[in-house]
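**Q** Just the structure for this:
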Amino acid sequence: MNKIAATSALLCLLFSGCTALFPMTKVLNGDVPSGSIIVLRGYVSLEFEGQSIHESQQDCEAGDTARALWVDIQRKNIPDGWQHCSFAEVSGVYRPDDTGHFGGWPSGAIVSVNSIRALRR
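**A** Numbering: from 1, shown residues only. Here you go, the predicted model:
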């Protein structure tokens, strides 16, 4: 991420409490600072012990976590009627050092999830 974009995102977060929509690729490549409040769009699995957001529907359906992020959400906060691998938007705090359940998500996690919603694709 270039310095201007990073500075803009940080100022936005500090002064107005807003979140920024980040491309999954930037987050998965580690181009987003730890602790950033972010919004991501991708394919979301909320299965027990497999809660994650993926770049592709194929990876989501296969359960491939190599290029995915753990979604740290309590079971009680999962939306009713959630469809496996729905295209969705997730917002929360990015933590690259949190590798999820048994360390299975090497790219990190979205913690303190404050919203998750399915989107039409």
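**Q** ranges for the strands of the protein?
**A** 20-21, 37-45, 52-54, 68-71, 86-95, 109-118 (DSSP state E).
**Q** Show residues contacting the fourth one.
**A** Just to be clear, that refers to strand 68-71. Counting by C-beta atoms under 8 Å, 6 or more residues apart in numbering, strand 68-71 makes contact with 27-28, 40, 44, 46, 51-55, 59-60, 90, 92, 94, 98-101, 104-105, 107-110, 113, 116, all of which sit outside it. Every C-beta, even on glycine, is put in place using the N, C-alpha and C of the backbone.
**Q** rewinding a little: quick one, which of the strands of the chain is nearest to residue 78?
**A** strand 109-118 (7.7 Å; C-beta to C-beta).
**Q** Residue 119: how many residues sit nearby?
**A** By the criterion of other C-beta atoms under 10 Å, residue 119 has 10 neighbours.
**Q** swap that for residue 112, sorry
**A** Around residue 112 there are 13 other residues, counting by other C-beta under 10 Å.
**Q** And the nearest residue to it once chain neighbours are set aside, how close does it get to residue 120?
**A** Counting by C-beta to C-beta, 6 or more residues apart in numbering, the nearest residue to residue 112 once its immediate chain neighbours are dropped is residue 93, at 4.5 Å. When distance is defined by C-beta to C-beta, to the nearest Å, residue 93 is 26 Å away from residue 120.
**Q** Neighbour count for those two, which is higher?
**A** Ranked by neighbour count (other C-beta under 10 Å), residue 93 and residue 120 place residue 93 first, with 18 against 5.
**Q** Could you list which residues are in contact with the more buried one?
**A** 35, 36, 37, 38, 110, 111, 112.
**Q** Do I have it right that the second one meets residue 94?
**A** Yes. Under the contact definition of C-beta atoms under 8 Å, residue 36 touches residue 94, with a separation of 4.9 Å.
**Q** Please identify which of these two sits among more neighbours.
**A** The residue with the greater number of neighbours, taking residue 36 and residue 94 and applying other C-beta under 10 Å, is residue 94; the counts read 23 against 20.
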